[in-house]
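Enquirer: the sequence and its predicted three-dimensional model are supplied below.
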Amino acid sequence: MKTIILPVDFSDSSDKLVDYAVGFAKDIQAQIILIHVAASDIGFVIGDMGFQYFPEVEENEIKFELKELNKLEQRIISQGVSCTHILKQGIAGDTILEFAEEKNGDYIVVGSHGRSGVYDVFIGSLTKEITRKSKIPVLVVPCHDEH
């Protein structure tokens, strides 16, 4: 069975991305592995006393993200596609690519938000990084608003 690695960030475009991946998975008889990469520094806050770590903030955020992953997984399974999920902490691009290689992924499906220019210069583009560094095919799904 083929494997689609599907990074999700729970943004508004995640629904469109999941719908595309489900259709693609059905077309090629593939399973989907959802991956969400949480920041390594979720519980760190900077304030008057410098950096402080609040483990309960990190714990609550991880619980929320796992709950969201479970919802997406169930949504995909309910449409007849095999699905599992994983949450990792780290640098998104590197973590996704390492995971795809580890799982012998056949495809990575990512979204493009239609941003360009100054945004990419200052923020960078995870999609651009993945397409540039990936050793396996990357399908880019346009997820920007159609206004």
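Expert: Received it, and whenever you're ready, just let me know what you need.

Enquirer: please make it C-alpha for all contacts and neighbour counts, starting now.
Expert: Will do.

Enquirer: downstream of the least confident helix or strand in the chain by mean pLDDT, the next helix or strand is which one?
Expert: In the chain, no helix or strand scores lower on mean pLDDT, DSSP states H and E than helix 118-122, which sits at a mean of 42. Using DSSP states H and E, the helix or strand that directly follows helix 118-122 along the chain is helix 126-133.

Enquirer: pull that following helix out as PDB, backbone CA atoms only.
Expert: Taking C-alpha atoms only, helix 126-133 is exported to PDB below (Å, rounded to 0.1, in the frame of the first residue of the first chain):
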ATOM      1  CA  LEU A 126       7.600  25.600   4.600                       C
ATOM      2  CA  THR A 127       6.100  24.300   1.300                       C
ATOM      3  CA  LYS A 128       9.100  25.800  -0.600                       C
ATOM      4  CA  GLU A 129      11.500  24.100   1.800                       C
ATOM      5  CA  ILE A 130       9.900  20.700   1.600                       C
ATOM      6  CA  THR A 131       9.600  20.800  -2.200                       C
ATOM      7  CA  ARG A 132      13.300  21.900  -2.500                       C
ATOM      8  CA  LYS A 133      14.700  19.300  -0.100                       C
END
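
Enquirer: ok, and what's touching that helix?
Expert: Taking contacts as C-alpha atoms under 8 Å, 6 or more residues apart in numbering, the residues outside helix 126-133 that touch it are 92-93, 97, 110-112, 138, 140.

Enquirer: counting neighbours, which of the residues you listed comes out on top?
Expert: Most neighbours among those, by other C-alpha atoms under 10 Å: Val110, with 26 neighbours.

Enquirer: quick one: contacts for the closest residue to that one other than its chain neighbours?
Expert: Using C-alpha to C-alpha, 6 or more residues apart in numbering and skipping residues adjacent in sequence, the residue nearest Val110 is Val140, 5.1 Å away. By C-alpha under 8 Å, 6+ apart, the contact set of Val140 is 109-112, 127.

Enquirer: what does the pLDDT read for Val140?
Expert: For Val140, the pLDDT comes out at 91.

Enquirer: quick check: it vs Ile35, distance?
Expert: Look at Val140 and Ile35: by C-alpha to C-alpha, to the nearest Å, they are 16 Å apart.

Enquirer: could you point out the longest strand of this protein?
Expert: For the chain, the longest strand by residue count, based on DSSP state E, is strand 30-38.

Enquirer: ok, that strand: who's next to it in the sheet?
Expert: If you go by DSSP bridges, strand 30-38 pairs up with strand 2-7 (parallel), strand 83-89 (parallel).
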